[in-house]
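**Student:** Pasting the sequence and the predicted coordinates here, then a few questions.
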Amino acid sequence: MDYLLDGLATALRLLAMGDAETFSAVWITLAASGMSIAACLAIGAPLGFLIGYHDFPGRKAVRIAVDTALCFPTVVIGLLVYLLLSRQGPLGELGLLFTIPGMSIGLTLLGVPIVMAMTALAVEQADARLRLTLLTLGADGRQMLTATLWETRYHLMLAGVAAFGRIVSEVGISMMVGGNIKWHTRTITTAIALETGKGDYALGIALGLVLLAIALLLNLMLAALRRRAGR
């Protein structure tokens, strides 16, 4: 018990002093997560709208595939992206392996199904009169998309926050694609795994406290968005 208390005290001191290694992992985590969540929203929201709004052949199969992707093993995603970005892979010439943008690609693949599924559900549950009104006003496809997404904006933000929470706590993809390189691709979760294995509990606890703070902030945002979406 004493070593836990000592580790907690040291962790608080590291955070208070602005320890460079600790905040490097925090910054890399936020950078990779921010890039990936922007891509998730840009890709997942329009695709989710298409699934939820249009009735096309194979729609149920696509919906099942998206729902299945929600529980796709993250280490498999990491392996696939690693093979794509390795020197022998089709995207090896881009030099993205063991970089923050490379990690963001894998994290985007993790978050896109979440945004797609939640956006499709929000569109399906939207007021049916919205579509009739837009058609009556002569809206084209782009206007239908933007108007519907705006009407379901709180659900869309909810999807983004949920995807961000999944992305920011990911270990397998960040470890395999990023390589856990100190000062370059070491994230909060990979640093916790490494430092705990080395017996450096103080740094692990410090980073764990930051991750808990992010999780608390995300939960508060989720609660606020649920209240706004359900009003």
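**Tutor:** Happy to help now that I have it.

**Student:** Check this protein for its longest helix and report it.
**Tutor:** Criterion DSSP state H: the longest helix present in the chain is helix 20-53.

**Student:** from the chain's centre, how far out does it sit?
**Tutor:** With Cα atoms, centre = their mean, to the nearest Å as the basis, helix 20-53 stands 5 Å off its chain's centre.

**Student:** other SSEs contacting the following helix or strand past it?
**Tutor:** Later in the chain than helix 20-53, the nearest helix or strand by DSSP states H and E is helix 59-69. Using 3 or more Cβ pairs under 8 Å, 6 or more residues apart in numbering; DSSP states H and E as the contact test, the elements touching helix 59-69 are helix 20-53, helix 100-124. Any C-beta I mention is one placed from the backbone N, CA and C, and that applies to glycine too.

**Student:** quick one, which of these is packed in tightest?
**Tutor:** Sort the helices and strands packed on helix 59-69 by mean neighbour count, taking mean count of other Cβ atoms under 10 Å, and helix 100-124 sits at the top with a mean of 24.

**Student:** so for it, what's the average pLDDT?
**Tutor:** For helix 100-124, the mean pLDDT works out to 92.

**Student:** ok, now which residue in this protein is the farthest from the centroid?
**Tutor:** In the chain, counting by Cα atoms, centre = their mean, residue 136 sits farthest out from the average C-alpha position, at 37.3 Å.

**Student:** Could you measure from that one over to residue 166?
**Tutor:** Counting by Cβ to Cβ, to the nearest Å, the gap between residue 136 and residue 166 amounts to 39 Å.

**Student:** With residue 16 instead?
**Tutor:** Distance from residue 16 to residue 166, counting by Cβ to Cβ: 30 Å.

**Student:** So for these two, which residue has more residues nearby?
**Tutor:** residue 166 (20 against 9; other Cβ atoms under 10 Å).

**Student:** ok now do the more buried one, which residues does it touch?
**Tutor:** 110, 111, 114 (Cβ atoms under 8 Å, 6 or more residues apart in numbering).
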